[in-house]
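In: build the 3D model from these lines:
(one chain, ligands or ions: 2)
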Amino acid sequence: MNIYAIILAAGKGTRMKSLDQSHSKVSHPILGMSLVQYVLRALKPIQPTETFAIVGFGGEVTTQLVQDSAKVVWQHEQKGTGHAVQQVAPFLSGKEGTTIVLCGDTPLLTSQTLSSLLDEHIQNKHDLTVLTCIIDQPKGYGRIVRDKKGLVDRIVEQADATLEEQGIREVNTGVYVFNNRLLFEQLVHLSGNNKQGELYLTDVIKMFKNKGYHVGASILPDSREMLGINDRVQLSEATKIMKLRINRDLMLSGVTIEDPDNTYIGPEVVIGQDSVIRPGTRILGKTTLGKANVVGPETSIENTLIGDNNTIVKSQIVDCHIGNDNQIGPFTHLRGHCEIGNKTRVGNFVEMKNGHLYDGVKAAHLTYIGDCTIGENTNIGCGTITANYDGKHKYHTEIGKNVFVGSGSTLIAPITLADNSFVAAGSTLTTDVGEDDLAIARARQENKIGYAKVLKAKINSK
Ligand code: UD1
Ligand code: CA
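Out: Ligands and ions are numbered 1, 2, ... in the order given. A predicted model of the protein is given here:
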């Protein structure tokens, strides 16, 4: 049987108070991933035959986020949730199948909830199943009105509810499963005869009832899952819940997280067993960490591939590859496109961009490495700078194996230091150094005997 999914993501999101009018609500991120992508991710295990995302307000941005996993359908004017689903009629009208409808602003819904809702719908041969929830503060949500037999009769929106109806604590989560053909048959009959003048998807419930179709409800036990993001307070609440959910899963899989309240790990991050994550650490994007790494405190890593047994302390790393058994930090900044082998030591205040360190390299303190390759077991002294930029172009520095670069050296690229070469401390190099050669490029020292006394006397007499 065909399963279709429709994600409603065209709404305005006025309460997010964005400066940029094209900044759609569902594009706001939680731990590096947008709200609507969480919804797509929750749908994935269900393997819908086809997924549709309704975009409108800020639709260009939303399209970028969803187009890999969903067919984008535009709703140019936002005339309500029923009107939003009507936009898919050209694709789905008349087709047999089961359609799940959900909102793009509910990132906490889980795959388990969606698949058990689908199962319930199919097993009970329902024509429509609404996911409901019983909550203490139902204000703002559509209320589930049940008949004398306790069966769902209709949904009444907050704006249209009588005082008595407002007292109902069972609410509509905004997730539904429909018999596809019947849904589109009824959708054409919607009218905007309500307080907001909108076409409500929720009115379809009563229409199904009137036709004698089989309508059921499934009650969501954990109300946190239905949290819809309308403002930035709810965004932070959802972030908190998501953060603890991700951290908990990692801990149960064998990762130590010393302070889960204060550790921010994205949904796509993979971390191997016996790794330890210290407080104040953010690991986001498509980052994979192997086994037995110690990361943090206060470390930030994004889109980076990391092997096993590394120690990374108080550092920032973006878009890099790191092997095994390395010691990084504190205060190392790997700014992107760095490749680090095994057993290296990259230390305090070392900044690196576009650098490739082979195994055993040491760059332990106060160094800038840019556009540079460094061979095995080379030692980069404190305060070394690769001068890779002339104000217009970037140039490469090539350093061989077992090279010793003395402290305080400036290597003006393009330049090559061959294997086993030696650079005297304080040198500024502009030409290549051959294999086994020593380079010294600084003024020779001159000591004036006893002259310190003379100089001091001169200064004091002024
Ligand atoms: C809706 C439900 C309400 C439910 C609540 C759950 C209706 C009429 N009401 O109310 O019963 O309790 O969700 O959160 O459906 N959207 C569009 N196009 C539109 C309007 C909305 O795509 O023209 C999208 C929004 O982007 C959003 C979703 O539909 O993702 C829900 O719309 P919203 O305006 O937030 O509906 P609620 O008033 O919260
Ligand atoms: Ca909403």
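In: burial count for Thr311?
Out: 16 (other CB atoms under 10 Å). Quick note: C-beta positions are derived from backbone N, CA and C, even for glycine.
In: and if you look at Leu151?
Out: Neighbours of Leu151 (other CB under 10 Å): 12.
In: list the residues that contact Thr304.
Out: By CB atoms under 8 Å, 6 or more residues apart in numbering, Thr304 lies in contact with Gly285, Thr287, Thr288, Ile317, Val318, Asp319, Cys320, His321, Ile322.
In: so the third one bridges to which residues?
Out: Each beta-bridge partner of Thr288 is listed here, defined by DSSP bridges: Val270, Leu305.
In: show me the contacts for the closest residue to His337 other than its chain neighbours.
Out: Nearest non-adjacent residue to His337, counting by CB to CB, 6 or more residues apart in numbering: Asn354, 4.7 Å away. Applying CB under 8 Å, 6+ apart to Asn354 gives the contacts Gly336, His337, Cys338, Gly370, Asp371, Cys372.
In: give me the buried subset of the contacts of Thr304.
Out: By neighbour count, with 16 or more other CB atoms under 10 Å, these hold Gly285, Thr287, Ile317, Val318, Asp319, Cys320, Ile322 as buried.
In: that older thread, sort out for me which of the contacts of Thr304 are in helices.
Out: Secondary structure defined by DSSP state H assigns none of these to helices.
In: let me know the closest of those residues to Leu411.
Out: Closest approach to Leu411 among the contacts of Thr304 (CB to CB): Cys320, at 21.5 Å.
In: which residue sits closest to that closest one in space, ignoring its chain neighbours?
Out: Once flanking residues are discounted, Cys320 sits nearest to Cys338: 4.3 Å by CB to CB, 6+ apart.
In: the residue lying closest to Lys314 once chain neighbours are set aside: neighbour count?
Out: Closest residue in space to Lys314, ignoring its immediate chain neighbours: Pro330 at 3.9 Å, by CB to CB, 6+ apart. By the criterion of other CB under 10 Å, Pro330 has 14 neighbours.
In: do Glu77 as well
Out: 9.
In: OK, contacts around it?
Out: Gly56, His83.
In: secondary structure element holding it?
Out: Using DSSP states H and E, no element contains Glu77; it sits outside every helix and strand.
In: how about the residues of the stretch 1-150 of the chain by ligand 1?
Out: Residues of the stretch 1-150 of the chain lying close to ligand 1 (CB under 6 Å from any ligand atom) are 8-11, 54, 75, 78-81, 83-84, 103-105, 141-142.
In: show me what the helix or strand encompassing Leu244 is packed against.
Out: Using DSSP H and E, Leu244 sits in helix 232-252. With contacts taken as 3 or more CB pairs under 8 Å, 6 or more residues apart in numbering; DSSP states H and E, helix 232-252 sits against strand 29-30, strand 256-257, strand 263-265.
In: apply 10 Å and report the result again.
Out: Under the contact definition 3 or more CB pairs under 10 Å, 6 or more residues apart in numbering; DSSP states H and E, helix 232-252 sits against strand 29-30, helix 35-43, strand 256-257, strand 263-265, strand 276-277.
In: got CSV for those, with mean pLDDT and mean neighbour count too?
Out: Below are the helices and strands packed on helix 232-252 laid out as CSV (pLDDT from 0 to 100; neighbours: other CB atoms under 10 Å):
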stretch, mean pLDDT, mean neighbour count
strand 29-30, 98, 20
helix 35-43, 98, 23
strand 256-257, 98, 18
strand 263-265, 98, 23
strand 276-277, 98, 20
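In: what's the closest of those to Tyr200?
Out: It's helix 35-43; of these, that one is closest to Tyr200 (CB to CB) at 20.6 Å.
In: from what I can see Asn179 touches Lys211, true?
Out: No: applying CB atoms under 10 Å as the test, Asn179 and Lys211 come out as separate, 11.0 Å apart.
In: shared neighbours, those two?
Out: When contacts are counted by CB atoms under 10 Å, 6 or more residues apart in numbering, Asn179 and Lys211 are jointly contacted by Asp127, Glu185, Gln186.
In: am I right that the second one falls within a strand?
Out: Which is Glu185. No: using DSSP: H, G, I helix; E, B strand; the rest coil, the assignment for Glu185 is helix, not a strand.
In: show the pLDDT at it.
Out: You'll see Glu185 listed with a pLDDT of 98.
In: now do His214
Out: The model's pLDDT for His214 equals 97.
In: cool, Gln21 as well?
Out: pLDDT at Gln21 comes out at 74.
In: still on that earlier bit, is any residue of the helix holding Leu244 near ligand 1?
Out: No: applying CB under 6 Å from any ligand atom, one finds helix 232-252 separated from ligand 1 by no less than 11.0 Å.
In: list the buried residues of that helix.
Out: Applying 16+ other CB under 10 Å to helix 232-252 flags Leu235, Ala238, Thr239, Ile241, Met242, Lys243, Ile246, Asn247, Leu250 as buried.
In: same thing with stretch 202-212?
Out: Thr202, Asp203, Val204, Ile205, Lys206, Met207, Phe208, Lys209.
In: quick one: it to chain centroid distance?
Out: Offset of stretch 202-212 from its chain centre (CA atoms, centre = their mean, to the nearest Å): 40 Å.
In: what about the strands in the stretch 1-150 of the chain?
Out: For the stretch 1-150 of the chain, the strands defined by DSSP state E, counting those that start in this stretch occupy 3-9, 29-30, 33-34, 50-55, 71-74, 98-103, 128-134, 143-146.
In: quick one: which of those strands is nearest Asp261?
Out: Closest among the strands of the stretch 1-150 of the chain, using CB to CB: strand 29-30, at 15.7 Å.
In: what does that closest one rub up against?
Out: Counting by CB under 10 Å, 6+ apart, 35, 37-38, 65, 107-108, 229, 235-236, 238-243, 264, 266-267, 284 sit against strand 29-30.
In: which one among the buried ones among the contacts of Thr304 gets closest to ligand 1?
Out: Proximity of those to ligand 1 (CB to the nearest ligand atom) peaks at Gly285, which lies at 25.0 Å.
In: next up, phi/psi of Gly434, please.
Out: The phi and psi values for Gly434, taken as degrees, to the nearest 10, are phi -80, psi 170.
In: touching, it and Leu417? I think so.
Out: Yes: using CB under 10 Å, Gly434 is in contact with Leu417, at 9.0 Å.
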